[in-house]
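J.: here's a sequence, model it:
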Amino acid sequence: MTLTTLLVPTYVQMLEALSRWLAKAQAQLPGDAADVLLTARLAPDMFPLATQIRFACVQAQEGLYRLRGEEFPPQLTDLLDEGRNAGDHPGTMADAQARLAETIALVKALAADMATDDPHQPIAHALPIGLVFDLSADQYARDWAIPPFYFHVMTAYALLRQAGVELGKADYVAHMLPFARPGTLPAG
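T.: Alright, predicted model coming up:
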């Protein structure tokens, strides 16, 4: 297994799942309640749903750009800023779906021509507060690229569930259904 074959399917399947969850919210919630839901927070000091969606997209893009050894393009900084400001400017579910679709397409494109997949490649991961982590690419993928990505995806899931959107484990692991042994799926 390579870092690319670990990260890319993880990012794509979970971003696609998030897109389906948002579609369920739009279908299940009355009027503009789905768009209003983009401002929902789990706690007052947490970012809203609109930010969680955008930050999941940022994490997926950031992970691949770092592993490629490339500088972040301006569009990634714009998406990060959009997420940081989503409390005041959450946008619409259509906007969120567009960000997800753009990110899925970009992740697939970046993976298609990944030049190197060296697990020992050094990665210097700097946080905005000035803290820098020196990691191998393998450590970066395992300890940073995946956990914060899942944090934002799962926070979005929790916000949708809290709002009454009917989601369950099958929605979370829908990517596993093609692997189900024939005849073992529960009826109903």
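
J.: mind listing what's buried in the strand or helix carrying residue 26?
T.: Using DSSP states H and E, residue 26 sits within helix 3-28. For helix 3-28, a neighbour-count test (16 or more other Cβ atoms under 10 Å) marks 3-4, 6-8, 10-12, 14-15, 17-19, 21-22, 24-26 as buried. C-beta here means a position set from N, CA and C on the backbone, and glycine is covered the same way.

J.: quick one: residues contacting the residue positioned nearest the centre of the chain.
T.: Geometric centre of the chain, nearest residue: residue 56, 2.9 Å, by Cα atoms, centre = their mean. The contact partners of residue 56, taken as Cβ atoms under 8 Å, 6 or more residues apart in numbering, are 14, 15, 18, 149, 152, 153, 156.

J.: again, but for residue 143
T.: residue 135.

J.: could I get the full set of helices for this structure?
T.: Under the criterion DSSP state H, helices of the chain are mapped to 3-28, 33-37, 49-68, 74-84, 93-112, 137-140, 147-162, 169-172.

J.: what about residue 101, how many neighbours?
T.: When counting by other Cβ atoms under 10 Å, one arrives at 14 neighbours for residue 101.

J.: show me what contacts it?
T.: Counted by Cβ under 8 Å, 6+ apart, residue 101 has contacts residue 19.

J.: can we see that at 7 Å?
T.: By Cβ atoms under 7 Å, 6 or more residues apart in numbering, residue 101 lies in contact with nothing.

J.: for residue 51, grab the count of nearby residues.
T.: Around residue 51 there are 25 residues (other Cβ under 10 Å).

J.: wait, doesn't it sit right on residue 89?
T.: No. With contacts counted by Cβ atoms under 7 Å, residue 51 stays clear of residue 89, the gap being 10.4 Å.

J.: the residue lying closest to residue 14 once chain neighbours are set aside and residue 13: what is the separation?
T.: Nearest non-adjacent residue to residue 14, counting by Cβ to Cβ, 6 or more residues apart in numbering: residue 153, 5.1 Å away. Distance, residue 153 to residue 13, by Cβ to Cβ, to the nearest Å: 10 Å.
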